[in-house]
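what follows is a predicted structure for the sequence shown.
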Amino acid sequence: MAAHLPTAPATRTAEATATAGIPTAVREALESASASQGYNTDGATLLHHNQHWVLRLPHATPGSPVVAKVHNAKTDRLTLTRQVATANWLTDNGVGTARPAGTRWPILAGHHLVTFTYDLGPGGPASPQALGRALAQLHALPLPGHLNLPRLDPAANVLARIEQLPDNLLAPEEHAWLTGYVRTLGDRFDATRWPGEPVVLHGDLAAQNTISTGNGAVLIDWEYAGTGPALADLAFLAWSRDAFGGNPRHYDQFSTTYGLDVTAVHGGTLYRQVLAPLRAVIGITIALEAATRAPGWADEAAHRIACTRAQEAGHPRYPWAWSTCIAYTRPAELSPT
């Protein structure tokens, strides 16, 4: 990492990053969009902030809380319109997801687009078995031609996110290595003959995008939905084990329930040579994005780069014990303006 990037002191607390103030423009967008739908924002609670601001409105309407998502200013309307259509299609086909709320989607408020969904409650992440069943159900659906879902292009997505990072976040050599490596992985992905027919992919199966409910697992946040090989979704769970030190038994439960172990297909070569490295560069990008808001993440980004370069040299040495984003996405109640 570039030497001049500031780092947080070792005593920095999780609460210090979690309770950082909501930008005025984001708060105003939330208030304006909520008012247009007749929603009460009293007691609004920040659930997490990665690329977008996600907030629970517990008193939106009597007896009907909703979740608001204030998207970053670079999000385009077509992308959000497709997400809403995807959620409606999934609901019609029996796949658990958060149903859109309100009378129109998305809502432009200032420089931000805002969407609302019905609140599914604090159920926590789905269990491995429930997630395996939900993902198998999703992947069994026929491709919905009317949604015009994009074909998965993981390298293009990562490169676009790297392009938005501040110029001084990475040393020139590291930036050149990272972008070059992502392009190499994109070529590998495109050149691979993937087993099976293309399926509808969730595209971002992080724990916070799954919710446990009385009716099983619910999948939320379809920003990266597309079509492609089922193995691309399955790699998320294997990567949780390998990079973050997740419980191997949980992965075994997931893969057994789903009916396929991505790390065993073609002797594991597709996972080791294509899917795991792609998960790694996405993880690096996430840490770099986090470092722009919480500078203490600079060390984590540097660690992820070091692990990935060792992997490129043929020494993955799993698990890597990467950190998670919990520290800066912990819920915090918004203070009055």
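Received, thanks.

show me the strands in the stretch 151-300 of the chain, by range?
Assigned by DSSP state E, counting those that start in this stretch, the strands in the stretch 151-300 of the chain fall at 199-201, 210-213, 216-219, 226-228.

JSON lines for those strands, including distance to residue 160, mean neighbour count and mean pLDDT?
C-betas here are computed from N, CA, C, even on glycine. Listed next are the strands of the stretch 151-300 of the chain as JSON lines, based on distance: least, C-beta to C-beta, whole Å; neighbours: other C-beta atoms under 10 Å; pLDDT from 0 to 100:
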{"stretch": "strand 199-201", "distance to residue 160": "18", "mean neighbour count": "23", "mean pLDDT": "98"}
{"stretch": "strand 210-213", "distance to residue 160": "25", "mean neighbour count": "19", "mean pLDDT": "93"}
{"stretch": "strand 216-219", "distance to residue 160": "23", "mean neighbour count": "21", "mean pLDDT": "94"}
{"stretch": "strand 226-228", "distance to residue 160": "14", "mean neighbour count": "19", "mean pLDDT": "98"}
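
nearest to residue 287, of those strands?
strand 210-213 (21.2 Å; C-beta to C-beta).

how about the helices in the stretch 1-150 of the chain?
Applying DSSP state H, counting those that start in this stretch to the stretch 1-150 of the chain gives helices spanning 14-18, 24-37, 77-92, 128-139.

biggest helix in the chain by residues?
helix 172-191 (DSSP state H).

give me the contact list for stretch 176-190.
153-156, 158-159, 162, 170, 273-274, 277-278, 281, 284, 305, 308-309, 312 (C-beta atoms under 8 Å, 6 or more residues apart in numbering).

just the residues you listed: which are in helices?
Those of these lying in helices (DSSP H): 154-156, 158-159, 162, 277-278, 281, 284, 305, 308-309, 312.

highest mean neighbour count out of the helices of the stretch 1-150 of the chain?
Most buried of those, by mean neighbour count (mean count of other C-beta atoms under 10 Å): helix 128-139, with a mean of 21.

quick revisit: may I have the longest helix of the chain as CSV, with CA atoms only?
The C-alpha coordinates for helix 172-191 follow below in CSV (Å, rounded to 0.1, in the frame of the first residue of the first chain):
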residue,chain,number,x,y,z
PRO,A,172,1.5,2.9,-8.7
GLU,A,173,3.1,-0.5,-8.8
GLU,A,174,0.3,-2.1,-6.8
HIS,A,175,-2.4,-0.4,-8.9
ALA,A,176,-0.8,-1.7,-12.1
TRP,A,177,-0.5,-5.2,-10.6
LEU,A,178,-4.1,-5.3,-9.4
THR,A,179,-5.7,-4.0,-12.6
GLY,A,180,-3.5,-6.3,-14.7
TYR,A,181,-4.3,-9.3,-12.5
VAL,A,182,-8.0,-8.6,-12.7
ARG,A,183,-7.8,-8.5,-16.5
THR,A,184,-5.9,-11.8,-16.5
LEU,A,185,-8.6,-13.4,-14.4
GLY,A,186,-11.3,-12.0,-16.6
ASP,A,187,-9.6,-13.7,-19.6
ARG,A,188,-9.5,-17.0,-17.7
PHE,A,189,-13.1,-16.7,-16.8
ASP,A,190,-14.2,-16.0,-20.4
ALA,A,191,-12.0,-18.8,-21.7
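
pLDDT wise, what is residue 214 at?
For residue 214, the pLDDT comes out at 88.

what is the neighbour count of it?
6 (other C-beta atoms under 10 Å).

how much space between residue 254 and residue 98?
22 Å (C-beta to C-beta, to the nearest Å).
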